[in-house]
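[1] just coords:
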């Protein structure tokens with residue numbers, strides 16, 4: 001970096017990359033006014049440099065050769081927006097080894113290779129910035145690392161997948177089935193043609209790993225915590241939650257301290273309608289944090305999309321340029337938590353849906369098994385459709401140990417009167 005110019009290289013000229021270019025085209029005078037330096041997007045690399053992205057760009061800036069960025073000693077900052085694990089990881093490590101700072105929106109890569117990336121950042125005395133990796137345009141990672149740094153964080157609850165949130169919102173508001181709303185989300189571009197990653201909770205889990213690192217100082221591999229999606233939820237569950245419990249169902253990312261232990265989990269959760277998170281609807285994201293000093297704080301906004309995510313990327317550029325001379329890097333992960341609380345050891349109130357044959361003694365038999373496992377019921381609802389008809393039973397428990405609930409439901413599902421493939425339970429926040 002010269003005294004008055006910062007050169008930037010962009011790897012990946014897709015949707016988000018196009019948004020980054022558009023922001024530089026539109027707001028470079030504002031950016032330069034903030035950082036008091038000339039900011040130059042010197043090179044853009046992508047395998048496809050022929051397709052029109054709808055943004056103005058000098059053809060001389062475009063290249064298909066990544067070494068035009070990595071081997072250029074004048075480039076100070078590398079923005080990686082190609083996604084995936086490889087070659088993204090190799091590009092980031094290579095850039096760091098050559099003394100370049102890195103910005104990425106690659107949540108999957110950070111979640112899987114955090115320790116290697118941070119180790120190389122430390123070794124090379126360069127920064128890695130990744131605000132866009134969680135919550136799109138919502139500023140959350142820098143607040144956690146800086147603005148809330150005086151707090152002992154108690155809990156983080158996040159609605160951080162717009163696809164899942166859109167589906168659950170439309171089911172609740174319009175009374176439509178999961179599959180119908182999913183098809184609509186795909187047509188609108190809110191869901192991928194293969195939506196597995198979103199609806200089964202994996203995208204949320206990757207973002208939760210990053211939030212947990214910054215909130216609690218511990219890296220937790222996804223295989224070490226419970227991840228559950230929304231694909232088994234039905235319209236009956238959502239309507240019962242709203243009608244009987246004054247709750248909505250949200251796919252929550254949860255990291256929280258419980259009796260001195262750390263819980264990390266992703267699953268559908270019943271959220272009371274008076275909680276701030278219940279108002280986070282459609283494709284929007286919301287992250288609710290509780291600190292021991294500040295109390296509750298919630299960040300809300302667009303969690304994905306070209307311009308919100310590009311906004312976070314360029315925001316990282318500004319932050320990095322302003323602090324570049326300080327050589328600030330994230331420290332190694334340090335934490336008081338040596339292990340994560342097993343999902344079986346948590347305590348919660350639970351909503352349970354069972355599908356059974358309606359005959360005398362069914363409810364007595366089921367409640368007896370629950371009682372054997374020290375689970376008491378707060379309420380029971382069932383549809384009366386005549387003897388020997390298949391009906392759903394809806395139950396809400398008092399606070400119980402999850403291990404006991406799972407054992408009890410395993411016994412209940414062995415009964416001839418129960419359709420075990422339709423049994424579901426949801427935790428209450």
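    Noted; the coordinates are in hand. On a predicted model such as this, the values are computed, not experimentally measured, just so you know.

[2] if we look at the helix or strand of the chain with the lowest mean pLDDT, which residues are touching it?
    Ranked by mean pLDDT, DSSP states H and E, the weakest helix or strand in the chain is helix 141-142, scoring a mean of 86. Helix 141-142 has contacts (CB atoms under 8 Å, 6 or more residues apart in numbering) with 130-131, 133-134, 210-211, 214, 319. Every residue, glycine included, has its C-beta placed from N, CA and C.

[3] which of the residues in the top helix by length along the chain are buried?
    Counting by DSSP state H, the longest helix found in the chain is helix 15-35. For helix 15-35, burial by neighbour count (16 or more other CB atoms under 10 Å) applies to 16-24, 31-32, 35.

[4] same for the helix or strand that comes right after the least confident helix or strand of the chain, what does it pack against?
    Beyond helix 141-142 on the C-terminal side, the first helix or strand identified by DSSP states H and E is strand 153-159. Applying 3 or more CB pairs under 8 Å, 6 or more residues apart in numbering; DSSP states H and E, we find strand 153-159 packed against helix 202-216, strand 247-258, strand 284-291.

[5] now do the contacts for the residue positioned nearest the centre of the chain.
    Geometric centre of the chain, nearest residue: residue 204, 3.2 Å, by CA atoms, centre = their mean. By CB under 8 Å, 6+ apart, residue 204 lies in contact with 158, 160-161, 164, 227, 251, 253, 266.

[6] what's the closest of those residues to residue 112?
    Residue 112 lies nearest to residue 227 out of these, by CB to CB, at 14.1 Å.

[7] kindly state the beta-bridge partners for that closest one.
    On DSSP bridges, the residues paired with residue 227 through beta bridges are residue 266.

[8] could you give the mean pLDDT of the longest helix of the chain?
    Mean pLDDT, helix 15-35: 95.

[9] so how far is that helix off the chain centroid?
    Averaging C-alpha positions (CA atoms, centre = their mean, to the nearest Å) puts helix 15-35 26 Å from its chain's average.

[10] all helices for the protein, in order.
    15-35, 67-70, 88-97, 107-124, 141-142, 162-174, 178-187, 196-199, 202-216, 235-245, 306-323, 362-372, 402-413.

[11] how far is the fourth one from where the chain is centred?
    Counting by CA atoms, centre = their mean, helix 107-124 is centred 18 Å from the centre of its parent chain.

[12] residues of it that come out buried?
    Along helix 107-124, these residues count as buried under the neighbour rule (16+ other CB under 10 Å): 107-114, 117-118, 120-121, 124.

[13] just the closest of those to residue 49, please.
    residue 109 (23.3 Å).

[14] quick check: pLDDT value at the nearest residue to the closest one once chain neighbours are set aside.
    Excluding the flanking residues, the one nearest residue 109 by CB to CB, 6 or more residues apart in numbering is residue 88, at 5.4 Å. Per-residue confidence (pLDDT) for residue 88: 97.

[15] same thing with residue 259?
    88.

[16] tally up the residues packed near it, please.
    By other CB atoms under 10 Å, the residues close to residue 259 number 8.

[17] quick check on it: phi, psi?
    Taking degrees, to the nearest 10, you get phi 50, psi 40 for the backbone angles of residue 259.

[18] which residues of this structure score low on pLDDT?
    For the chain, the stretches with pLDDT under 70 are 1-2, 325-336, 384-388.

[19] show me the domain layout of it.
    Structurally, the chain divides into domains by automatic domain parsing as follows: 5-136+307-326, 141-303, 343-428.

[20] how far does the longest one sit from the chain's center?
    Mean-position distance between domain 141-303 and its chain equals 7 Å (CA atoms, centre = their mean).

[21] which residues does the closest residue to residue 303 other than its chain neighbours contact?
    Closest residue to residue 303 apart from its sequence neighbours, by CB to CB, 6+ apart: residue 285 at 3.0 Å. Residue 285 is in contact with 135-136, 138, 158-162, 165, 300-304, counting by CB under 8 Å, 6+ apart.

[22] could you dump those residues to a markdown table with neighbour count and distance to residue 241?
    Shown next, in a markdown table, are the contacts of residue 285 (neighbours: other CB atoms under 10 Å; distance: CB to CB, whole Å):
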| residue | neighbour count | distance to residue 241 |
| --- | --- | --- |
| 135 | 30 | 25 |
| 136 | 27 | 27 |
| 138 | 24 | 26 |
| 158 | 29 | 20 |
| 159 | 27 | 16 |
| 160 | 31 | 21 |
| 161 | 28 | 19 |
| 162 | 24 | 21 |
| 165 | 25 | 15 |
| 300 | 17 | 22 |
| 301 | 17 | 25 |
| 302 | 18 | 26 |
| 303 | 27 | 23 |
| 304 | 21 | 26 |
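
[23] returning to that earlier point: from the contacts of residue 204, pick the one nearest residue 289.
    residue 158 (9.0 Å).

[24] identify the bridge partners of the closest one.
    Bridge pairing for residue 158 - DSSP bridges - gives residue 253, residue 287.

[25] that one against residue 253, yeah?
    Yes - the criterion here is CB atoms under 8 Å, and residue 158 meets it with residue 253 at 4.0 Å.

[26] overlap in contacts, these two.
    204, 207-208, 211.

[27] now distance to residue 356 too, for those residues, in CSV please.
    Below are the shared contacts of residue 158 and residue 253 laid out as CSV (distance: CB to CB, whole Å):
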residue, distance to residue 356
204, 32
207, 38
208, 35
211, 39
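
[28] of the residues you listed, buried ones?
    204, 207-208, 211.

[29] which residues touch residue 40?
    Counted by CB under 8 Å, 6+ apart, residue 40 has contacts 5-8.

[30] sorry, back to before: now render the buried residues of helix 15-35 as CSV, adding distance to residue 59.
    Shown next, in CSV, are the buried residues of helix 15-35 (distance: CB to CB, whole Å):
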residue, distance to residue 59
16, 21
17, 16
18, 15
19, 20
20, 18
21, 13
22, 17
23, 20
24, 16
31, 23
32, 24
35, 27
